[in-house]
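> generate coordinates for the sequence data below:
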Amino acid sequence: MESGNIVEYIDRQKIVCAVIMETRKQRVRLLNEFNREIKISMGRLSHRCRNHIDLSMGRDRLVAGLKQTAVRRNMLAGRVDIKELWDVLNTEQEWIDLDTMTEFCFPENSDCDHEAAVVRAFFRDRLYFKFNTNSFFPNSREQVEHLLSRIREEERRKKIIEDGGTWLRQVMDREHPVFSEDKSELIDILKSFYLFEKESRDYALARSILAFAGIEDTEKIFDIFVKLGIWDKNENIDLYRYEISTVFPETVEASAVKLAAVSRDRIENRGRRDLTHLSLMTIYGQSTLDFDDALSLEERDDCLVVGVHISDVANLGERGGRLTMKP
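Numbers count the residues shown, from 1 in each chain. Coordinates of the predicted model:
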């Protein structure tokens, strides 16, 4: 390679057209189509061309010429039908050199621009062929199907992140947001992440959704679920973390209803008295859900009788019944 030769290199997943300004050992100094000078090793060049530009024409004209070359090559690359080539060549399972592939793509006439266009086309679409800068190898049908599945999954993932993040922002902005069934998958992803954090299989995906929504504090998920009516503000999160059912079987519910309706005779026959006529008071807070002891106050003659009432649920449960723990 020498000064004035047109070359191309890959930068940030894009092919850039440039001209060699100076060569020194295995490195070159380039002027690219964006009017920038860079130094890179020759090994980074994705295409080398015999075409030559007169460096004496001035920097502005050099850059303009490189831009025109890049436009022409992109136009030619758009004419390359890689899927059609793969349909014809995939049964061979052999490496194909750049010259041969260029003849396949442009059988009538080809030059350095056509070669570079072939490299650009195969760089953009890597579904059907493996390639380096000088040769191409067709993927098998199984490999193509596998890559297609990955592409579809990545597109699905991207859509979940964008749609989910946008929806979360709307939920936070609205006073009375509405939960719809089409958001069930998103809710499951966020729920798994909130409960199990890094152990969740959806950890990375949930992180991306929250980042898109601008949410840094993961506790916001709980607030959002409460706002949507998915969880109560006093939800027992540990039950979910340990995968304990939050609802009782119908048979247990029925047994509880039956025991709650127990008759006075049944109580008194066990040596107890029915004191349900008393007004009881407790010192529990407003958020307490388990009232298991209380106090009562009665006037009897000239005295006040203080009653201490301790719940005895086990007394109503039958051994081995639906509501009792098995030993």
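
> quick one: name whatever helix or strand follows the lowest-mean-pLDDT helix or strand in the chain.
Ranked by mean pLDDT, DSSP states H and E, the helix or strand of the chain with the weakest confidence is helix 264-268, at a mean of 57. Sequence-wise, the next helix or strand downstream of helix 264-268 (DSSP states H and E) is strand 280-281.

> which SSE is immediately downstream of that following strand?
Next along from strand 280-281, by DSSP H and E: strand 293-300.

> CA atoms only for that next one, dumped as CSV, please.
Output of strand 293-300 as CSV, limited to C-alpha atoms (Å, rounded to 0.1, in the frame of the first residue of the first chain):
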residue,chain,number,x,y,z
ASP,A,293,-55.8,-10.6,72.7
ALA,A,294,-58.0,-7.9,74.1
LEU,A,295,-59.4,-6.3,77.2
SER,A,296,-63.0,-5.8,78.5
LEU,A,297,-64.4,-3.7,81.4
GLU,A,298,-67.7,-4.5,83.2
GLU,A,299,-69.5,-2.8,86.1
ARG,A,300,-70.7,-5.3,88.6
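
> following that strand, which helix or strand comes up?
Counting by DSSP H and E, what follows strand 293-300 is strand 303-310.

> list the pairing partners of that following strand within its sheet, with orientation.
strand 293-300 (antiparallel) (DSSP bridges).

> hmm, who's touching the partner strand?
275, 278-282, 304-311 (Cβ atoms under 8 Å, 6 or more residues apart in numbering). For every residue, glycine as well, the C-beta is placed using N, CA and C.

> which of the residues in it are buried?
For strand 293-300, the neighbour count (16 or more other Cβ atoms under 10 Å) marks residue 294 as buried.

> centre-most residue in this protein?
The chain has residue 205 as the residue nearest its centroid, 2.4 Å off, counting by Cα atoms, centre = their mean.

> my guess is residue 133 meets residue 47, correct?
Yes - Residue 133 is within contact range of residue 47, at 6.4 Å (criterion: Cβ atoms under 8 Å).

> what residues are shared contacts of these two?
By Cβ under 8 Å, 6+ apart, residue 133 and residue 47 have these common neighbours: residue 119.

> who has more neighbours out of the two?
Higher neighbour count among residue 133 and residue 47: residue 47, with 23 against 16, using other Cβ atoms under 10 Å.

> and the more buried one, its phi and psi?
Dihedral pair for residue 47: phi -160, psi 140, per degrees, to the nearest 10.

> which residues are contacting the helix or strand where residue 226 lies?
Per DSSP H and E: residue 226 is located in helix 220-228. Helix 220-228 is contacted from outside by 168, 171-172, 177-179, 187, 190-191, 193-194, 210, 215, 231-233, 235, 237, using Cβ under 8 Å, 6+ apart.

> that older thread, quick one, what contacts the residue nearest to the centre of the chain?
Contacts for residue 205 (Cβ under 8 Å, 6+ apart) come out as 157, 160-161, 189.

> export the residues you listed as a markdown table, with columns for pLDDT and neighbour count.
Output for these, formatted as a markdown table (pLDDT from 0 to 100; neighbours: other Cβ atoms under 10 Å):
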| residue | pLDDT | neighbour count |
| --- | --- | --- |
| 157 | 95 | 14 |
| 160 | 95 | 19 |
| 161 | 96 | 20 |
| 189 | 96 | 19 |
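
> return the member of those residues nearest to residue 10.
Nearest to residue 10, judged by Cβ to Cβ, of the contacts of residue 205 is residue 157 at 25.4 Å.

> now that closest one: how far from residue 51?
42 Å (Cβ to Cβ, to the nearest Å).

> again, but for residue 276
Applying Cβ to Cβ to residue 276 and residue 51 gives a distance of 100 Å.

> if we can go back for a sec, and the contacts of helix 220-228, which of them are buried?
Using 16+ other Cβ under 10 Å as the threshold, 168, 171, 177, 187, 190-191, 193-194, 210, 215, 231 are the buried ones among the contacts of helix 220-228.

> tell me which two in those residues are the farthest apart.
Greatest spacing in those, by Cβ to Cβ: 177 and 193 (19.5 Å).

> who's more crowded, residue 276 and residue 51?
residue 51 (15 against 8).

> does that one touch residue 112 like I think?
Yes - assessed by Cβ under 8 Å, residue 51 is found in contact with residue 112 at 4.9 Å.

> shared neighbours, those two?
residue 6.

> so residue 88 is in which element?
helix 82-89.

> now residue 231
Residue 231 belongs to no helix or strand, assigned by DSSP H and E.

> phi, psi of it?
phi -120, psi 160.

> contact partners for it?
Going by Cβ under 8 Å, 6+ apart, the list of residues near residue 231 reads 222, 225.
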